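Enquirer: Just to be clear, the model below is a prediction. Sequence and coordinates:
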2 protein chains.
Amino acid sequence: MLDRFEIPRSHPRYWSLLLRERLVEAFEAGIVVPQGLIAHGRGEAFDYLLGEVSHGFALKAVEAAVAGLIYYKPRSVISVNGNMAALAPELLAELSEALEVPLEVNLFYRTEERVRRIEEHLRAHGARRVLGAGCRRTHLPGLESPRGIVCVEGIHSARFVLLGIEDGDRTEALKRAGKTVAAVDLNPFSRTAQTADITIVDELTRALKAALKAAERLSSAEPGELRGILDSYDNRAVLSSAFKAILDRLSHAVERGLILEPGPGRGDL
Amino acid sequence: MLDRFEIPRSHPRYWSLLLRERLVEAFEAGIVVPQGLIAHGRGEAFDYLLGEVSHGFALKAVEAAVAGLIYYKPRSVISVNGNMAALAPELLAELSEALEVPLEVNLFYRTEERVRRIEEHLRAHGARRVLGAGCRRTHLPGLESPRGIVCVEGIHSARFVLLGIEDGDRTEALKRAGKTVAAVDLNPFSRTAQTADITIVDELTRALKAALKAAERLSSAEPGELRGILDSYDNRAVLSSAFKAILDRLSHAVERGLILEPGPGRGDL
């Protein structure tokens, strides 16, 4: 038995600690693997450097990702791994329903049992379009181990994939397979962030909430408008803004030679 | 069953991935808690920003920490938690033996079972001076939950404590209890890093290897020399150098608008 960590709502980092506990619970339920917990910690550090808020560059990338999901339908898909399912099952379900785009359970540390659990977890939170244990399977070229397994009707045939908290190798394999990739990744220096066509440097739940707002705005848009958003999107500029945001915040802290200033309702790392 | 992640020695981040796997194994053995995996991920992110090398400021802090451990004997102790025991059992044992300073198993998520397992793990790696399950217990003032339990003959009566990867609350409680604290912490912005008297901004295994070298150099030093090292040590300057190292590395990456340059034998995050 672990001590259960009780988080008072007044705690300056309530939300961050809540997400952490949500992940630990999902881990105990067999949805998240130990490596997923470590990956979450890396994300926490970068989110802290970003000030734990959604920046303009993230919202711009979210808009492009949602435009892509709609524009490429029915050949678009949201790839869901254990961490994503643990952190935001209801938001993923809501986005999938709002856009009529399927969620595909796609795991780096794949076991069929975990695929089933994650599928159930998503369905229990309202998802209806889930490609999981029952899908027809194939491999992504160049990723022949279990971590290359994808659904024929999902990622395999998709032209546009939204993914999150993903491994660099897998993101690169999707790119080599000719797909347009949007990625949620808190670390703008990661291989996934650098490889994706659209990089959302933001925490997953904040990014998905922004995506739901964008979906509302764009779901009735003409294809021409969606195409326009995609054509004018500049990922190099977005990444460069993300670098700058981290650098500015650090410079500020270093100048004062002190602990990083917490944002409103935020505390120390 | 998880896929076991096989890491080729040629992998640019071999060492970092090896430590990660060591932690996951220790987790499966009941030595590390899920929250410890998340904490490790945060450390990985900061180590990446530091370039995964020991900087001069870290070596300076290591020297002061070792001087303190020797100078304050027999009232000095090395506090060991699950992550430390998982990452560096042999180095901790070696340092304890070299300095004749005890290791005290001291856990944030404390259960007596985990204390026992960690004690056994340390002893199995050669540690002989371990305060663990059998010690006489008391509480640190201001930390009345299980996370405040310490050994009477160890931390409770110590004047100098070396700890690592520690929670800010607990570091502050030690300071309030009048102890001099040296802390290994990869995040120079953390509360532990800011609260400690001596902050070693370095990865644990690298810091302990440096400590073993310092121990060799200082074990025959006169008390006057040790006192001199402690008196001339400036933690503010050390922290400020750590900030600057991270900032310089990020600035460089941002200027090039690219993925962070890996150090020799290192790759992307």
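Expert: Arrived safely, thanks for sending.
Enquirer: Name the helix or strand for the residue in the stretch 1-150 of chain A that chain B sits nearest to, please.
Expert: Nearest to chain B, among the residues of the stretch 1-150 of chain A, is A:Gly41, at 2.2 Å (CB to the nearest CB). The way it works is simple: take the backbone N, C-alpha and C, and place the C-beta from them, glycine included. Using DSSP states H and E, A:Gly41 sits within helix A:34-50.
Enquirer: picking up where we left off before, doesn't B:Gln35 make contact with the residue of the stretch 1-150 of chain A closest to chain B?
Expert: No: using CB atoms under 8 Å, A:Gly41 is not in contact with B:Gln35; the gap is 9.2 Å.
Enquirer: thinking again about what came up before, the helix holding A:Gly41 versus helix B:34-50: what angle between them?
Expert: Calculated by axes from the mean of the first three to the mean of the last three CA atoms, to 10 degrees, helix A:34-50 forms an angle of 50 degrees with helix B:34-50.
Enquirer: and helix A:34-50, how far from the chain's centre?
Expert: Helix A:34-50 has its C-alpha centroid displaced from the chain centroid by 13 Å (CA atoms, centre = their mean, to the nearest Å).
Enquirer: tell me which residues in it are buried?
Expert: A:34-50 (16 or more other CB atoms under 10 Å in any protein chain shown).
Enquirer: Show me what from the stretch 51-200 of chain A comes close to chain B.
Expert: Residues of the stretch 51-200 of chain A lying close to chain B (CB under 8 Å from any CB of the partner chain) are A:109-111, A:145-147, A:168, A:187, A:189-191, A:194.
Enquirer: which residues sit in contact with the residue in the stretch 101-250 of chain A that chain B sits nearest to?
Expert: Per CB to the nearest CB, A:Phe243 is where the stretch 101-250 of chain A lies closest to chain B, at 4.1 Å. Counting by CB atoms under 8 Å, 6 or more residues apart in numbering or on different chains, A:Phe243 makes contact with A:188-189, B:250, B:253-254, B:257.
Enquirer: before we move on, back to that, of the residues of the stretch 51-200 of chain A next to chain B, buried ones?
Expert: For those, a neighbour count by 16+ other CB under 10 Å gives the buried set as A:109-110, A:147, A:168, A:187, A:189-191, A:194.
Enquirer: Can you tell me which one of the residues you listed sits lowest on pLDDT?
Expert: Minimum pLDDT for these is recorded at A:Arg147 (83).
Enquirer: Hmm, it is touching A:Phe108, no?
Expert: Yes: assessed by CB under 8 Å, A:Arg147 is found in contact with A:Phe108 at 5.0 Å.
Enquirer: Spit out the residues that contact the two alike.
Expert: A:167, A:170.
Enquirer: and for stretch A:27-40, what are the contacting residues?
Expert: The contact list for stretch A:27-40, computed with CB under 8 Å, 6+ apart, reads A:19-20, A:23-24, A:26, A:81-83, A:85-86, A:108-109, A:113-114, A:117-118, A:121, A:165, B:2, B:5, B:20, B:23-24, B:27-28, B:34, B:37-38, B:40-41, B:44.
Enquirer: The same query, at a cut-off of 7 Å, please.
Expert: Contacts to stretch A:27-40, defined as CB atoms under 7 Å, 6 or more residues apart in numbering or on different chains, come from residues A:23, A:26, A:82-83, A:85-86, A:109, A:114, A:117-118, A:121, A:165, B:2, B:20, B:24, B:27, B:34, B:37-38, B:40-41, B:44.
Enquirer: Take those and keep only those in helices.
Expert: A:23, A:26, A:82-83, A:85-86, A:114, A:117-118, A:121, B:20, B:24, B:27, B:34, B:37-38, B:40-41, B:44 (DSSP state H).
Enquirer: what's the single longest helix in chain A?
Expert: In chain A, taking DSSP H as the definition, the longest helix is helix A:235-256.
Enquirer: now that helix: mean pLDDT?
Expert: Taken as a whole, helix A:235-256 has a mean pLDDT of 86.
Enquirer: so which helix or strand takes in A:Ala210?
Expert: Using DSSP H and E, A:Ala210 sits in helix A:204-218.
Enquirer: Extract the residue ranges of the stretch 151-269 of chain A that are flagged as low pLDDT.
Expert: A:256-269 (pLDDT under 70).
Enquirer: Buried residues, stretch A:203-219. List them.
Expert: Using 16+ other CB under 10 Å as the test for burial, stretch A:203-219 gives A:203-211, A:214-215, A:218.
Enquirer: Next: stretch A:168-185.
Expert: Those would be A:168-174, A:177, A:179-185, for stretch A:168-185 by 16+ other CB under 10 Å.
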